[in-house]
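Undergrad: my questions are about this predicted structure, shown below with the sequence.
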Amino acid sequence: MASDWEVDVQLLLDVTDGEWARLREGMAEAMEKEPQYEFVPTATSNSPTGAFFSVGATVQISAETPGEAADTAVAVTRQAIQTAGGSADRGVTEINIRQGDVDPRLLGR
């Protein structure tokens, strides 16, 4: 039986402040076409330079297992970055998974 999950995904991807603003907007627009996910773009800053060294999202999804939730969240985040015109990432830097506490209205139920 499927459970609700909230997954934080960060992917290794260097972007400038200007690129992040464009990516964030593009990622949000891309995910508006995917109503089964609640998707919030996030980034981690390398404060001395002002550049971001990881880009990702918090994704709320329904999945059978935490592994399936993580795999889906990574794929959805990569798809959103690429749709927004971002380059390919260099790998996953962080994944945090929480079960439950997902608003079912956000998952189209």
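TA: Nice, I can see it.
Undergrad: going forward, measure contacts between C-alpha atoms and count neighbours the same way
TA: Noted.
Undergrad: residues contacting E64?
TA: Counting by Cα atoms under 8 Å, 6 or more residues apart in numbering, E64 touches M1, A2, S3.
Undergrad: okay, these in CSV with secondary structure next?
TA: Shown next, in CSV, are the contacts of E64 (DSSP: H, G, I helix; E, B strand; the rest coil):
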residue, secondary structure
M1, coil
A2, coil
S3, strand
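Undergrad: quick one: low-confidence parts of this protein?
TA: Within the chain, the ranges that satisfy pLDDT under 70 run 46-52, 101-109.
Undergrad: that older thread, which of the contacts of E64 tops the neighbour count?
TA: Taking other Cα atoms under 10 Å as the neighbour criterion, S3 ranks highest of the contacts of E64 with 14 neighbours.
Undergrad: looking at it, that one is touching E68, isn't it?
TA: No. In this structure, S3 is not within contact of E68 by Cα atoms under 8 Å, at 10.6 Å.
Undergrad: ok, residues contacting the longest helix that the chain contains?
TA: For the chain, the longest helix by residue count, based on DSSP state H, is helix 66-83. The contact list for helix 66-83 (Cα under 8 Å, 6+ apart) reads 5, 7-9, 23, 26-28, 30-31, 56-57, 59, 61-63, 87-89, 95, 97.
Undergrad: can you tell me which of the residues you listed are buried?
TA: When those are checked for burial by 16 or more other Cα atoms under 10 Å, the buried set is 5, 7-9, 23, 26-28, 30-31, 56-57, 59, 61-63, 89, 95, 97.
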